[in-house]
Every structure is written in C-alpha cells, then in structure tokens.
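Colleague: The amino acid sequence is not available; the structure is as follows:
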C-alpha cells in the first residue's frame, strides 16, 4: 500500500464497490432489463427496449444541458416510445419502487464501512456520497439501506434527480464541489473505478482508490488500499 497524507475537510465517497458491495452485477442488469422491458412492453416493443434504454442512458450521461440527468433519460426514452414524458416518469418510478426493490440480494454491507464513516464524522469531516448520478434518489437510498448505511446522515447525496452531469466528466466534479461548497484541494475522492473516479484529480481533488491489490501505476492516484488502509490514512492525515 502507498499513499500521501493530505489534510482534508471533505470526503467524497463512491457507493458500489466502495461503501456497499455489488454482487453479481451482470445478473442484476439482466434481471432489471427483463423487468423494465415487461413494464414498458405496450409502449416500446420488448425486442427493441434494451437498445432504446441504453440510448436514453447514454443521452443522460453525455448531455450538456441544464436539465438533471433523470429528466434527460425520461425525455430520451419517451422520444423512442409511444408514451409522453409524464407516463415514462410514472413507469420509471414504478420500476424503482416495485422492481428494483426486489434486488436486495445483489447489494451487501462491506465490513468496516460504517465504522469508517462514523469515525470520519466524529473527526469533523464533511461526508458526501459521490456516487455516479445515473440512479434516482429512491434507488440510491435502497442501496444504502441494503449496505447497512440507510440511516447515516451524509452531507450531500449525488443522484440523477439533482445532478446535471455524470462521471467521468469534469463537469460532474465541478458541479459536486459547488453543491457541497468545498474547494478541490480540501477534498479526497474515494472510489474503486479508475476511469470514473480518478479524473477528479484534474481539478486538484486528491484520490484514494479502494483496491485489494496494487493498482497499475497512475500519476493521478494519491493513495490506495482497502477501507482499513483508508481509515488509517485519514487518521494520520488529520494528525499531520
């Protein structure tokens, strides 16, 4: 394990793979796609629904408008269907409430995650859930609950209904900093995906990669290790 030890005020945490374990991702995606295609079958032919959905998802992740990501996805999916935006919104709400709520077995607590957050809060850190905002708020809250963190009071939670940009866009990190009122050099982005999380360093945000093994050399990386390593690093950085 290697690290530098910056003094930080704000911790930006990814969710899946960082604070909550995602089990059998591919199976989860297949199950949700099947349920979504069935829920939309009268307005989008089931055989063409996956392509329509992923087109809408890409639109939500790549747009440069002022609309929040969820609204962009709704509009893009409506444009490929026989339903207007309010109807698509209603069905997406039902997809979360009635279908995604059945996916709990794919999300599991990560040992040490809660203790880390509670210790960081006790030490005065602002704690932000900086998950990629492609999920609506209700789905994010479900994942937190399934990971044993549903009652933890984050200072800000990133989700598709409040954010207008997605990772790995620098626009996402600029928007996040503005939302939480933090300077880049006061923050650490903590995640498990180099492609999505390490671009934060281009704005001056330090980075810590959750990784079981030594990651490939990357000049954007300030530190790496498991949650226990991160816990120790945060303690030492505050004491330095």
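Modeller: Perfect, thanks for sending it. If you're wondering where the values come from, they're calculated on a predicted model, not measured in any experiment.

Colleague: so how many other residues sit close to the closest residue to residue 200 other than its chain neighbours?
Modeller: Counting by CB to CB, 6 or more residues apart in numbering, the nearest residue to residue 200 once its immediate chain neighbours are dropped is residue 189, at 4.0 Å. To be clear about C-beta, it is placed using only N, CA and C from the backbone, and glycine gets the same treatment. Counted by other CB atoms under 10 Å, the residues lying close to residue 189 total 28.

Colleague: Please list all residues in contact with residue 189.
Modeller: 12, 14, 130, 173, 197, 198, 200, 201, 205, 206, 207, 208 (CB atoms under 8 Å, 6 or more residues apart in numbering).

Colleague: Could you do residue 121 as well?
Modeller: By CB under 8 Å, 6+ apart, the residues touching residue 121 are 127, 153.

Colleague: let's see it at 6 Å
Modeller: Listed by CB atoms under 6 Å, 6 or more residues apart in numbering, the contact partners of residue 121 are residue 127.

Colleague: buried sites along the host helix or strand of residue 175?
Modeller: Element membership for residue 175, per DSSP states H and E: helix 170-180. Going by neighbour count (16 or more other CB atoms under 10 Å), the buried part of helix 170-180 is 172, 173, 175, 176, 177, 179, 180.

Colleague: ok, for the third one, nearest residue in space, not its chain neighbours?
Modeller: It refers to residue 175. Among residues not flanking residue 175 along the chain, residue 165 sits closest, at 5.4 Å (CB to CB, 6+ apart).

Colleague: The one you found: neighbouring residues, count only.
Modeller: Look at residue 165: counted by other CB under 10 Å, it has 21 neighbours.

Colleague: got the phi/psi numbers for it?
Modeller: Dihedral angles of residue 165 (phi, psi; degrees, to the nearest 10) stand at phi -140, psi 160.

Colleague: quick one, what contacts it?
Modeller: 171, 172, 175.

Colleague: Please convert those to CSV, extending it with distance to residue 102.
Modeller: CSV is the format used below for the contacts of residue 165 (distance: CB to CB, whole Å):
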residue, distance to residue 102
171, 34
172, 29
175, 32
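
Colleague: Could you tell me what pLDDT the model assigned to the residue nearest to residue 175?
Modeller: pLDDT, residue 165: 98.

Colleague: Report the secondary structure element holding the residue nearest to residue 200.
Modeller: strand 187-191.

Colleague: Quick check: the gap between residue 109 and residue 130.
Modeller: For residue 109, the distance to residue 130 equals 19 Å [CB to CB, to the nearest Å].

Colleague: Is the closest residue to residue 103 other than its chain neighbours within a helix or a strand, and which one?
Modeller: In this structure, residue 103 finds its nearest non-sequential neighbour in residue 28, 5.9 Å apart by CB to CB, 6+ apart. In this assignment (DSSP H and E), residue 28 forms part of helix 25-39.
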